[in-house]
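Chemist: Need the 3D shape of this:
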Amino acid sequence: MNKKILIGGAWPYANGSFHIGHLASLLPGDVIARYHRACNDKVYFVSGSDCHGTPVALRAKAEGKSPQEVSDRYHEEFVDCLNRLGFSYDCYTKTSAKAHKDFIQDFHRTLYNSKYVYEKTTPQAYCDCCGTFLADRFVTGICPKCGEPARGDQCDACGTVLDPEILKEPVCAICKNPVSFRDSKHLYIAITKLEKELRALVEKGTSWRKNAISFTNRYIDEGLRDRALTRDLEWGIPVPKDGYDGKTIYIWAENVLGYLSASKVVCDERGESFEELFGEDAKHYYVHGKDNIPFHTIILPALLIAHGKGYRLPDQIVSSEYLTLEGRKISTSRNYAIWVKDLLDKYDPDSLRYYFLSNGPEKKDADFSWSEYVNNHNGELLGAYGNFINRCLSFINKYLGGIVPEGSVSSEWESTIQSLYEDTGKRIEAGNIKEALDGIFEVVRKANKYFDSEEPWKTRTSDTAACNNTLYQCTQIIANLSVILAPFIPFSSEKVFGWLGINGEWNVKKVPAGYKLPEISILFERLDKAVIEEERSRLEEIIKE
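Modeler: Numbers count the residues shown, from 1 in each chain. Next up is the predicted model:
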């Protein structure tokens, strides 16, 4: 029986362009989705644009537009970038979509009857200058514990979880003017009463990334906090409860539930059971960056448990570390970033995917360097993999009339190929994407050595049978490498599938002797090293501004 696999990719916030930090953290989700489809599992790969909240409302105000217009603009940019990068979402939606709003309101109606939800009147930060209530992170001041600058939700210097009203000298992070506090009634979820369940979830999550385990344990050990489910803001999903007119559902209590609302859209379209997808016979991956860990390991599980329907909790947390840019922290506010839409105008999507998967912040912080990118592309993707395919298939076209010759696959290569399928599959399922790619490229290098050692350019005239056997065997290696690499670099793999007449199912391929190859093109173009200084110069100009 095929497994039901949910892969939830983090929802990028629709108040600014898509940058390489987003890309690095989200790509593993597409690899996992493509792999499971190749194994004929039932895949539900979902995500969307996070459209509500204060940042979108403030940007809209600054631009003289509606929050819907601003969030829709960035949503369209995200969709374009993700499509061009080959993301294979079964549903990429947005939190402003009707299906999401309807699902969230239904979910919250049930949630409000839970023993874990209560009403409380508390002081809310308000900026008279901006004319709006502020989310906790949009209040800044001095940490009362260590005396360092801090946000209203957390002090990065000492790690203390905060509330805006306990900050010293609180100001609005947008306009820098002092904030006032106004009493307001809100619904809260008693996360403090769920400590036992959340600890049990972490203990069960042995396949989570280490940063997710340590981060979540730290949050629990430092003391969980009850969180407001509602807030005073017009731009959002209205609270489905009498007496809460003019209030909306806090975005953290609706955006993480987008995994459920988007999954339901897919299930409804396919005529499949949503309850089964969130039942016992399924596996759920959640793929995101380090800063989103608590939302997936504490907030989402707390909402699901408190809701009371027994929805499946996260199985695997695939959380990346941080990505820097040429040794500096990415700063969207200062425009110190690389925007994905600009990258895609100049560079091959498979090249970008390969770089960020093989050099991304999978288990430790990583740095994007233009020199490393160019050298990685030219040395590995083009020099090792692309070159191996080109030299073999072009040889067959040039000297053998494009006909795959007779031959056999040695027991050593049979074992290598079979093991590569098994090892790569296990590594992808464990979320070890970089390790999977490293293992594949070990075989790519082995294949190049084999081609060189057999010297078909010599045996073509001195030992025809040996030459034919070498080329037959290399053709089989290429076919299987293209299938195994398809989750990582799908565009080039599709080209190879077409050349060799094979499909992408996760099993050993055989291209028969006598098969006629079409004309072969170069898979990857060499990058000029001048690109390095050109791109670095652009970043230097931004730093100077």
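Chemist: Asp342 falls within a strand, correct?
Modeler: No. Asp342 sits outside any strand when classified using DSSP: H, G, I helix; E, B strand; the rest coil, being helix.
Chemist: if I look at it, how far off is Glu442?
Modeler: Separation of Asp342 from Glu442 (C-beta to C-beta, to the nearest Å): 33 Å. (Each C-beta comes from the backbone N, C-alpha and C, glycine too.)
Chemist: how about whatever helix or strand Cys474 lives in: buried residues?
Modeler: Here Cys474 sits within helix 464-485, counting by DSSP states H and E. By neighbour count, with 16 or more other C-beta atoms under 10 Å as the criterion, the buried positions of helix 464-485 are 466-485.
Chemist: Quick one: residues in contact with whichever helix or strand comes after it.
Modeler: Using DSSP H and E, the helix or strand that follows helix 464-485 towards the C-terminus is helix 490-500. With C-beta atoms under 8 Å, 6 or more residues apart in numbering as the test, helix 490-500 has contacts from 34, 86, 88, 348-350, 353, 386, 389, 393, 475, 478-479, 482-483, 485-486, 503-504, 509, 511, 515, 517-518, 520-521, 523-524.
Chemist: swap the cut-off to 6 Å and go again
Modeler: Identification of contacts with helix 490-500 by C-beta atoms under 6 Å, 6 or more residues apart in numbering yields 86, 349-350, 479, 482, 485-486, 511, 518, 523.
Chemist: Could you work out the most separated pair of these?
Modeler: Pro349 and Val511 (26.0 Å; C-beta to C-beta).
Chemist: quick one: furthest residue from the center of this protein?
Modeler: Most distant from the centre of the chain: Ser462, at 52.0 Å, with distances by C-alpha atoms, centre = their mean.
Chemist: For the stretch 251-400 of the chain, which segments count as strands?
Modeler: Along the stretch 251-400 of the chain, counting by DSSP state E, counting those that start in this stretch, strands occupy 282-288, 316-319, 323-325, 328-329, 366-368.
Chemist: now swap in the stretch 1-150 of the chain and tell me
Modeler: Using DSSP E, counting those that start in this stretch, strands in the stretch 1-150 of the chain cover 4-9, 42-49, 91-94, 117-127, 132-133, 139-142, 149-151.
Chemist: which of the residues in the fourth one are buried?
Modeler: This means strand 117-127. Going by neighbour count (16+ other C-beta under 10 Å), the buried part of strand 117-127 is 117, 124-127.
Chemist: Equivalent analysis for the last one, please.
Modeler: For strand 149-151, burial by neighbour count (16+ other C-beta under 10 Å) applies to 150-151.
Chemist: so where's the stretch 101-250 of the chain uncertain?
Modeler: Filtered on pLDDT under 70, the stretch 101-250 of the chain yields the residue ranges 159.
Chemist: one more time with 80
Modeler: Applying pLDDT under 80 to the stretch 101-250 of the chain flags residues 154, 156, 159-161.
Chemist: The chain now?
Modeler: For the chain, applying pLDDT under 80 flags the ranges 1-2, 154, 156, 159-161, 544-545.
Chemist: make it 70
Modeler: Judged against pLDDT under 70, the low-scoring parts of the chain cover residues 1, 159, 545.
Chemist: Quick one: end-to-end length of stretch 234-252, please.
Modeler: Separation of the first and last residues of stretch 234-252 by C-alpha to C-alpha, to the nearest Å is 16 Å.
Chemist: For that stretch, which residues meet the burial criterion?
Modeler: Within stretch 234-252, the residues that count as buried by 16+ other C-beta under 10 Å are 235-237, 239, 241, 244, 247-252.
Chemist: Go through the residues you listed and flag which are in strands.
Modeler: Within the buried residues of stretch 234-252, residues falling in strands by DSSP state E are 248-249.
Chemist: so which of the buried residues of stretch 234-252 comes closest to Leu198?
Modeler: Nearest to Leu198 among these is Trp252, at 15.7 Å by C-beta to C-beta.
Chemist: Pull up the gap between the closest residue in space to that closest one that isn't next to it in sequence and Leu257, please.
Modeler: Using C-beta to C-beta, 6 or more residues apart in numbering and skipping residues adjacent in sequence, the residue nearest Trp252 is Ile299, 5.8 Å away. To Leu257, Ile299 is 10 Å away according to C-beta to C-beta.
Chemist: more crowded one of those two?
Modeler: Neighbour count, other C-beta atoms under 10 Å: between Ile299 and Leu257, Leu257 has more, with 24 against 19.
Chemist: Now distance to Ser408 too, for the buried residues of strand 117-127, in a markdown table please.
Modeler: Listed next are the buried residues of strand 117-127 as a markdown table, based on distance: C-beta to C-beta, whole Å:
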| residue | distance to Ser408 |
| --- | --- |
| Val117 | 67 |
| Gln124 | 74 |
| Ala125 | 73 |
| Tyr126 | 77 |
| Cys127 | 75 |
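Chemist: Show me which residues of stretch 416-431 are buried.
Modeler: Judged by neighbour count using 16+ other C-beta under 10 Å, the buried positions of stretch 416-431 are 416-417, 420-421, 423-425, 427-429, 431.
Chemist: and if you look at stretch 256-270?
Modeler: 256-267.
Chemist: what do you get for stretch 32-41?
Modeler: Buried, per 16+ other C-beta under 10 Å, within stretch 32-41: 32-39, 41.
Chemist: can you redo the residues you listed as JSON lines with distance to Arg231?
Modeler: JSON lines is the format used below for the buried residues of stretch 32-41 (distance: C-beta to C-beta, whole Å):
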{"residue": "Ile32", "distance to Arg231": "34"}
{"residue": "Ala33", "distance to Arg231": "33"}
{"residue": "Arg34", "distance to Arg231": "38"}
{"residue": "Tyr35", "distance to Arg231": "39"}
{"residue": "His36", "distance to Arg231": "37"}
{"residue": "Arg37", "distance to Arg231": "39"}
{"residue": "Ala38", "distance to Arg231": "43"}
{"residue": "Cys39", "distance to Arg231": "43"}
{"residue": "Asp41", "distance to Arg231": "39"}
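Chemist: List just the nearest of those residues to Lys529.
Modeler: Among these, Arg34 lies closest to Lys529 (C-beta to C-beta), at 31.7 Å.
Chemist: from what I can see the closest one touches Pro487, true?
Modeler: Yes. Contact status for Arg34 versus Pro487: in contact at 3.8 Å, counting by C-beta atoms under 6 Å.
Chemist: List of residues touching stretch 470-488?
Modeler: For stretch 470-488, the external contacting residues (C-beta under 6 Å, 6+ apart) are 31, 34-35, 357, 389, 392, 396, 404-405, 407, 409, 417, 420, 424, 440, 447, 451, 454, 456, 493, 496, 500, 502, 504, 509, 511.
Chemist: again with stretch 375-383
Modeler: Stretch 375-383 has contacts (C-beta under 6 Å, 6+ apart) with 351, 354-355, 524, 526-527.
Chemist: repeat that with 10 Å
Modeler: Outside stretch 375-383, the residues within contact range by C-beta atoms under 10 Å, 6 or more residues apart in numbering are 347-348, 350-355, 358-359, 369, 384, 386-387, 390, 437, 441, 444-445, 448, 485, 489, 492, 522-529, 531-532.
Chemist: circling back to that earlier point, out of the buried residues of strand 117-127, which is nearest to Leu400?
Modeler: Of all those, Leu400 sits closest to Val117, with 71.9 Å by C-beta to C-beta.
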